[in-house]
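Student: The following block contains a protein sequence and its predicted model.
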Amino acid sequence: MFETSGNTRKIFQNLTSYQTNISERVPTFDRKLDSFFERNFETIIDEWGLVTETDIKGYEQKLDFLSYEVGRLFTEKDNLKKRADSIEKAISDLEARK
């Protein structure tokens, strides 16, 4: 319909950049929350009992170690049971000789 002049286009382009600048400068609830969390991140994690990735990796290592230990203890239990059975048999054999 009507053609806009070059100056009008520049004004509209500047307006969109002003809107961006203004929206970055105007405080919003989201920015206040972001700022709050950035300042208090460590305290929030401690207070809420949140788990970090570092904590999870530590727990995984502990779980791996405990799983290994449980397996080792079961194997040792079986070995001790075999030894106890052989000692009982030896005692029974000695008592039978009398």
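Tutor: Yep, that arrived.

Student: Walk me through the domains of the protein.
Tutor: 1-50, 51-98 (automatic domain parsing).

Student: Compare the mean pLDDT across the ones you listed and name the weakest.
Tutor: Least confidently modelled of those is domain 1-50, at a mean of 70 by mean pLDDT.

Student: Give me the residue at the spatial middle of the protein.
Tutor: Computing the C-alpha centroid of the chain and ranking residues by CA atoms, centre = their mean puts E53 first, at 3.1 Å.

Student: can you give me the offset of the longest helix seen in the chain from its chain's centre?
Tutor: If you go by DSSP state H, the chain has its longest helix at helix 53-97. With CA atoms, centre = their mean, to the nearest Å as the basis, helix 53-97 stands 32 Å off its chain's centre.

Student: what does stretch 32-44 give?
Tutor: 19 Å.

Student: and it, which residues are buried?
Tutor: Of all the residues in stretch 32-44, not one is buried under the rule 16 or more other CB atoms under 10 Å. Yep, even glycine has a C-beta here, placed from its N, CA and C like the rest.

Student: how about the CA coordinates for it, as CSV?
Tutor: Output of stretch 32-44 as CSV, limited to C-alpha atoms (Å, rounded to 0.1, in the frame of the first residue of the first chain):
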residue,chain,number,x,y,z
LYS,A,32,15.1,-11.8,40.9
LEU,A,33,14.8,-15.5,41.4
ASP,A,34,17.8,-16.2,39.2
SER,A,35,19.8,-13.7,41.2
PHE,A,36,18.6,-15.1,44.5
PHE,A,37,19.6,-18.7,43.5
GLU,A,38,23.0,-17.6,42.2
ARG,A,39,23.8,-15.8,45.4
ASN,A,40,22.5,-18.5,47.7
PHE,A,41,23.2,-21.7,45.7
GLU,A,42,25.4,-23.5,48.3
THR,A,43,23.1,-22.6,51.2
ILE,A,44,20.0,-23.8,49.4
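
Student: who touches that stretch?
Tutor: Stretch 32-44 is contacted by residues L50 when judged by CB atoms under 8 Å, 6 or more residues apart in numbering.
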